[in-house]
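Asker: quick one: sequence plus predicted model below, questions after.
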Amino acid sequence: MLKYTSIKPRVYIEPTVVSYLVARSSNNPILAARQEASRQLWEDYADRFEFVISPIVRDEIRQGDATAAQKRLDVVSSLMILEVSPDMDMLVEKLLDSGAVPRNSRPDAQHIAIANGHGVDYLVSWNHKHIVNENKREHINRVCQEAGFQPTIICTPIELMEDIQMKEVPEKHPEFDPETYTDPILEECYRIKAELSAKFKTQKEFFAYVKALEEEDKRNGIKYVPYDPSKRIPPEKSDDDT
């Protein structure tokens with residue numbers, strides 16, 4: 001699964017990973033396992049990967065309790081930030097229209113689109129509802145490929161590290177159901193995503209919002225990685241095109 005190259009693979013850090021990373025230690029075995037995996041990825045694998053985020057990651061993690069939000073912002077403050085582009089806006093629409101991502105989860109579609117648009121190697125998340133859901137990953141990848149993007153590998157921190165040491169949480173906890181499981185950390189993440197999504201009626205409005213976040217960051221001296229459209233691949237022709 002891991003890509004061993006002379007250039008560090010890039011890993012897009014989705015907000016749920018950041019939330020587990022800075023949350024107080026839990027006695028819940030599943031939650032504690034996710035916290036440990038997030039910290040292990042962050043502390044032990046930083047020299048193997050280049051971690052990246054986006055303006056929508058920054059926007060999500062700054063919501064909620066001010067003290068917790070500041071911890072989340074501080075921990076990602078040194079990471080490179082990826083720009084958004086109209087190509088990604090188009091991919092978000094396709095993800096939503098196809099049902100690969102629900103319309104009430106627009107921020108999740110945006111994360112996927114940004115990672116794919118920039119040709120990021122991996123997108124890591126604990127969002128089993130809409131991103132690392134086994135029933136949706138293939139659908140998401142197909143939509144991205146049909147739109148002309150080489151699909152980013154979507155995985156949990158555990159899956160990203162599994163070739164070296166760790167096993168899947170569901171194997172350790174048979175009662176775990178990724179479709180329904182939640183905990184205080186995920187509840188807060190899902191609440192923020194839902195509230196953010198509900199603010200916008202169209203993807204055009206949401207894209208303008210994310211782009212405004214990006215421009216505000218740049219005015220404040222925060223550097224972004226520009227979008228390179230050459231990373232796109234030619235869309236596959238359908239039978240109707242022949």
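Answerer: That came through fine.
Asker: His118 contacts Tyr227, doesn't it?
Answerer: Yes - with contacts counted by Cβ atoms under 8 Å, His118 reaches Tyr227, the gap being 6.6 Å. Glycine gets a C-beta too; all of them are placed from N, C-alpha and C.
Asker: these two: who's more crowded?
Answerer: His118 (24 against 18; other Cβ atoms under 10 Å).
Asker: which residue sits closest to that one, ignoring its sequence neighbours?
Answerer: Nearest residue to His118 in three dimensions, chain neighbours excluded: Leu82, at 4.9 Å (Cβ to Cβ, 6 or more residues apart in numbering).
Asker: before we move on, back to that, need the residues touching each of His118 and Tyr227.
Answerer: Residues touching both His118 and Tyr227 by Cβ atoms under 8 Å, 6 or more residues apart in numbering: Leu82.
Asker: and the helices in this structure?
Answerer: For the chain, applying DSSP state H gives helices covering 15-22, 29-44, 55-61, 66-75, 86-98, 106-117, 134-146, 157-161, 169-172, 184-198, 203-219.
Asker: any buried residues in the fourth one, and which?
Answerer: Counting neighbours by 16 or more other Cβ atoms under 10 Å, one finds that the buried residues in helix 66-75 are 68-69, 71-72.
Asker: tell me the most buried of the helices of the chain?
Answerer: helix 106-117 (a mean of 29; mean count of other Cβ atoms under 10 Å).
Asker: could you check how far Thr67 is from Arg24?
Answerer: 11 Å (Cβ to Cβ, to the nearest Å).
Asker: quick one: which of the buried residues of helix 66-75 is nearest Pro9?
Answerer: Distances from the buried residues of helix 66-75 to Pro9 were compared by Cβ to Cβ; the smallest belongs to Arg72, at 23.4 Å.
Asker: ends of stretch 113-133, how far apart?
Answerer: 16 Å (Cα to Cα, to the nearest Å).
Asker: and Glu215, what is it in contact with?
Answerer: Counted by Cβ under 8 Å, 6+ apart, Glu215 has zero contacts.
Asker: how far does stretch 9-28 stretch from start to finish?
Answerer: Termini of stretch 9-28 sit 32 Å apart (Cα to Cα).
Asker: what mean pLDDT does that stretch get?
Answerer: Computed over stretch 9-28, the mean pLDDT rounds to 92.
Asker: and if you look at stretch 147-155?
Answerer: Here the average pLDDT along stretch 147-155 is 93.
Asker: same thing with stretch 116-125?
Answerer: 95.
Asker: what about it, distance to the chain center?
Answerer: 8 Å (Cα atoms, centre = their mean, to the nearest Å).
Asker: neighbouring contacts of that stretch?
Answerer: 3, 9-14, 16-17, 41, 49, 52, 82, 84-85, 87-88, 91, 111-112, 114-115, 131-132, 144, 149-157, 160, 225, 227-228, 231-232.
Asker: now do stretch 56-68
Answerer: 13-15, 18-19, 22-23, 69, 72-73, 76, 81, 84, 107, 110-111, 114, 188-189, 192-193, 195-196, 210, 213, 217.
Asker: make it 6 Å
Answerer: Contact partners of stretch 56-68, identified using Cβ atoms under 6 Å, 6 or more residues apart in numbering, comprise 15, 18, 69, 72-73, 107, 110, 188, 192, 210, 213.
Asker: do you know how far Ala32 is from Val132?
Answerer: Counting by Cβ to Cβ - Ala32 and Val132 are separated by 19 Å.
Asker: where does the chain have its least confident helix or strand?
Answerer: Lowest on mean pLDDT, DSSP states H and E among the helices and strands of the chain sits helix 169-172, with a mean of 43.
Asker: in this structure, which segments are predicted with low confidence?
Answerer: Applying pLDDT under 70 to the chain flags residues 1-6, 163-182, 231, 233-242.
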